[in-house]
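A.B. asks: After the sequence you'll find the predicted model.
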Amino acid sequence: MHIEVRDLNKWFGQYHAVRDVNFSIEPGQLIGLLGPSGGGKTSVLRMLAGLEYPDSGEILFHGKVMNDVPPQERGIGFVFQHYALFKHMTVYDNIAFGLTIQKWPKARIRARVAELLELTGLSGVEKRYPHQLSGGQRQRVAFARALAPEPQLLLLDEPFAAIDAKIRKELRSWLKSLIERVGITSIFVTHDQDEAIEVADEIMIIQQGSVEQKGTPWDIYKSPRTPFVAEFIGESTLLESIGQLKGFGQVPAQSNTKVLIRPEYIEVGQPGELKLASASENGIVKAMHFRGSEWMIEVAVGDLLLKTYRSLESPVLQIGETVQVLIHRVYVFDGDSHSVIENSLKEDPMPIMI
Amino acid sequence: MSTAPTTLTSKKSSTSSKILILITYSVFILLLIIPLVQIVIGAFDHGVQSLFQALLRPEALHAMWITLSVVVVVTLLNTLFGVLTAIMLVRGQWLSSRVRRFLNSMIDLPFAVSPVIGGFMIMLLLGPQTVMGAFFSDLGMPIVYAFPGMVLATLFVTFPLMIREIAPVLQEIGTQQEEAASMLGAYSWTTFWKVTWPSIRWGVTYGVVLTVARSLGEFGAVLVVSGNIMNKTQTMTTLVYQDVDNFNIAAANSVALVLAVCSITLLLVMEWAKRRKGVHTHAH
Amino acid sequence: MNAVLNHKGALWGFRTTLLLYMFLLIILPITGIYAHSLSAGWDMFVESISDPLAWKAVWLTLRLSLIAMVINMVIGTIAAWVLHRYQFPGRTLLNSLVDLPFALPTAVGGLMILLLLGPNSFVGQWADAVGIRIVFGEPAIVVAMVFVTFPFVIRAVQPLLEEADKTQEEAAHTLGASKWRTFYQVLLPQMRPGIISGGMLAFSRAMAEFGAVVLVAGNIPGKTLIASVYIFGEIESDNPQGAAAVSVILLTLSFLVLWFINTLQAKEGR
């Protein structure tokens, strides 16, 4: 389903929850609405569903204004944050609910429910009640229930929020492959960047009711448009100015300039380990955190504290050790404009380690 | 219920716990059990025959009929309006939150009003000397000293019972299940019967039992409004009052026994409904 | 938008009916009684309440309700604690019996107390011999009030005990606190909101009580005539002015109590 949203606004009393939101979504895409809690993501989703009425703006499905169409007639599947399973109904009845409402013949309902049970790997639990299921199973039921009436659009509100960290990862890839198989346009809300990056075809970053940036995860990572986006996607260190560092003397130090460095853009090494010694600074290792697959190192350069990663294969550093620090590139945000600045002392391009 | 850990079960044998249990038992026996037994004994004191004689008096039969009618009418009305009002107060976003808060604080007022005053209020508004009262009696349907007034008085007294049972349940189940139903194409009516009703049904049952118990036993408000006219507006409770007033304790006892048996039956139903309600709200 | 009441159009009449029902049944009568008590002027109102019999009735009601409340707070707390904590034969039965005064018609409750304490009963004869007047005296009124309001404190404290974090109690034990000290410093504070709000409810109910009291009090003006019975008498003797004045005093007191409980609960809720 082609979806378009124009100048959408929503107020809750004095609180401006959604501000002038515009976007369009192509059929078949899987979109992640990402942002901090309370940023307006869920309000956007609920307005698309018809559960909330926009104060201004338009919502169009296939070019048709949907504002006044009640939720019952929008043909949307919705997976609620805590699933909202009907707790007095069995799994079977939950999934069949939408079909009975639409007065499907009994035999067809049975066939469709069986198909969904199969698809979601729930065969065998159809006679159970929601409170007899695990968190992951409940989520699958919610999913099957939403898909049963063959909606054209699937909306998911924090679909993994209530699930254990371990099962969450499994469910994520399961959900992604399932949505691809069904081929349904889907929008999900999350505040977890890993989840958004891993699952979504495109991400919309929403903060304080506005869309900060929309694009593929890779685009957003590569060229964040605002400091907020840069900080939200991936890790980064925010600095006021960086002019004193080697190779970045050209960066103007203005009052409203913000500089962001990602850990992946910094290399550290014992003296002689780095090839471009002329472009590096000296720094002192302040702290080392073992991250399971790599080291996260905090290193002080002058009065700046930077974060970087170091491979477990490289020689282990000691706290207090003097090391060489090479900064490959930084993001500079200057009011409305933003740019990526490379280390000017670097002559030959280094392979970027990401 | 609570399973006390070993450190605390060891207290069970301690003297202080024995004394506390003893106190509790004494209070219950003195305050509740002995008086209850007394009613039973008192009713059979002059033999089964006099018990039936007292109960088969025409005024007693009529009082039972009136009480039953009041209970049925009040329970029906209070259930209907109670459920709807609870839904309005919890879900009605068409009311501003300030209005809802105001209405919500109004709900409990009948708890604070003495039943006598409750009945008196209806007299002041609809009594024979008032404009409205005269209007209704001209229509041939007097309110005060008649059945409608008794129903009104009892409705006033029972008003909070149903709402206070349903509203917290509605609050707790939240709107998500209802929203899920509407996303699946269900309109209000279907959503109510298929999704909301199963969640509140035990709360409603409990509220009905409370309403029946209260309307069966209402005395002060009904006494004032009904005028306690024998064979006309006398209920079982006001008959007990009149019998005591006439020093006919044995007859009073017989009617009281019937009321007590009804109440205890209701109490048992109440316990049962409470358990079901508890099972339901905790099973998720 | 909400899913239950979502239909447009016919809803309007339906909503108006609900609001009207509430207004006519609750708000109008209550404002009506305030209006009526002042309708004959402020002087008339003052005169009505300065009738010594009226004053004495209100004062007696307050005093006895307060006594009943304190008794209930003590025995209610003990009973709630015992029913929650100890396992003993008959516990479930007692727990179900708690609600009996709610289920039983108050007139029946009054009759029960009359039979128990009356001149023909064992207690009554003993008291007569000792020279105490129970029935048709203040003790009987207090007993009737305690009986009618018995469930309030227990039912307000019980959920707090259910919710109470047992580890706090255990923590107190591990820190060396004695049983008594644990009760006093850890458990009692947890029960306190229930004891207070249950007690206040019992107080307001006791002040309003009519059925149980009217049968046992003897209703001697100036001595054992409580406010609600006084109001009833005034209505019977066709003096609505006097009845309305005392009603307004009693109502205002009850509303204050109710308001107090609500603020207390709102505070505890945070």
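C.D. replies: It's in.
A.B. asks: When you work out contacts or count neighbours from here on, use the C-alpha atoms and nothing else.
C.D. replies: Noted.
A.B. asks: out of everything not next to it in sequence, what's closest to the residue in the stretch 51-200 of chain C positioned nearest to chain B?
C.D. replies: When CA to the nearest CA is the measure, the stretch 51-200 of chain C has its nearest residue to chain B at residue C:105, with 3.8 Å between them. Distances taken as CA to CA, 6 or more residues apart in numbering or on different chains put residue B:217 closest to residue C:105, at 3.8 Å, once the chain neighbours are dropped.
A.B. asks: neighbours of that neighbour, just the number please.
C.D. replies: 29 (other CA atoms under 10 Å in any protein chain shown).
A.B. asks: Same check on residue A:340?
C.D. replies: 15.
A.B. asks: What is the one helix or strand it maps to packed up against?
C.D. replies: With elements delineated by DSSP states H and E, residue A:340 resides in strand A:337-342, which encompasses its position. With contacts defined as 3 or more CA pairs under 8 Å, 6 or more residues apart in numbering or on different chains; DSSP states H and E, the secondary structure elements packing on strand A:337-342 are strand A:329-334.
A.B. asks: what about the helices in the stretch 151-300 of chain A?
C.D. replies: Using DSSP state H, counting those that start in this stretch, the helices assigned to the stretch 151-300 of chain A run over residues A:165-182, A:193-199, A:217-222, A:227-232.
A.B. asks: hmm, back to that, partners of the strand holding residue A:340 in the sheet?
C.D. replies: Partners of strand A:337-342 in the sheet, by DSSP bridges, are strand A:329-334 (antiparallel).
A.B. asks: List the contacts of the partner strand.
C.D. replies: The list of residues contacting strand A:329-334 from outside it, by CA atoms under 8 Å, 6 or more residues apart in numbering or on different chains, reads A:226-227, A:256-262, A:265-266, A:338-343.
A.B. asks: same check, this time on stretch C:36-50
C.D. replies: Counting by CA under 8 Å, 6+ apart, stretch C:36-50 makes contact with B:124, C:54, C:55, C:241, C:242, C:244, C:245, C:246, C:248, all of which sit outside it.
A.B. asks: can you tell me which two in those are farthest apart?
C.D. replies: Comparing all pairs in the contacts of stretch C:36-50 by CA to CA, the longest separation belongs to B:124 and C:55, at 22.5 Å.
A.B. asks: how about the residues of chain B near chain A?
C.D. replies: For chain B, the residues in contact with chain A under the definition CA under 8 Å from any CA of the partner chain are B:176-177, B:179-187, B:195, B:198-199, B:283-284.
A.B. asks: tally of neighbours for residue A:238?
C.D. replies: Residue A:238 sits with 17 neighbouring residues when counted by other CA under 10 Å.
A.B. asks: Show the model's pLDDT score for it.
C.D. replies: At residue A:238 the predicted local distance difference test score is 80.
A.B. asks: Isn't it up against residue A:232?
C.D. replies: No - using CA atoms under 8 Å, residue A:238 and residue A:232 do not qualify as a contacting pair, with a distance of 11.7 Å.
A.B. asks: Mutual contacts of the two, please.
C.D. replies: Where contact means CA under 8 Å, 6+ apart, no residue is in contact with each of residue A:238 and residue A:232.
A.B. asks: which SS state does the residue positioned nearest the centre of chain C fall under?
C.D. replies: Computing the C-alpha centroid of chain C and ranking residues by CA atoms, centre = their mean puts residue C:205 first, at 2.2 Å. The three-state assignment at residue C:205 reads helix, by DSSP: H, G, I helix; E, B strand; the rest coil.
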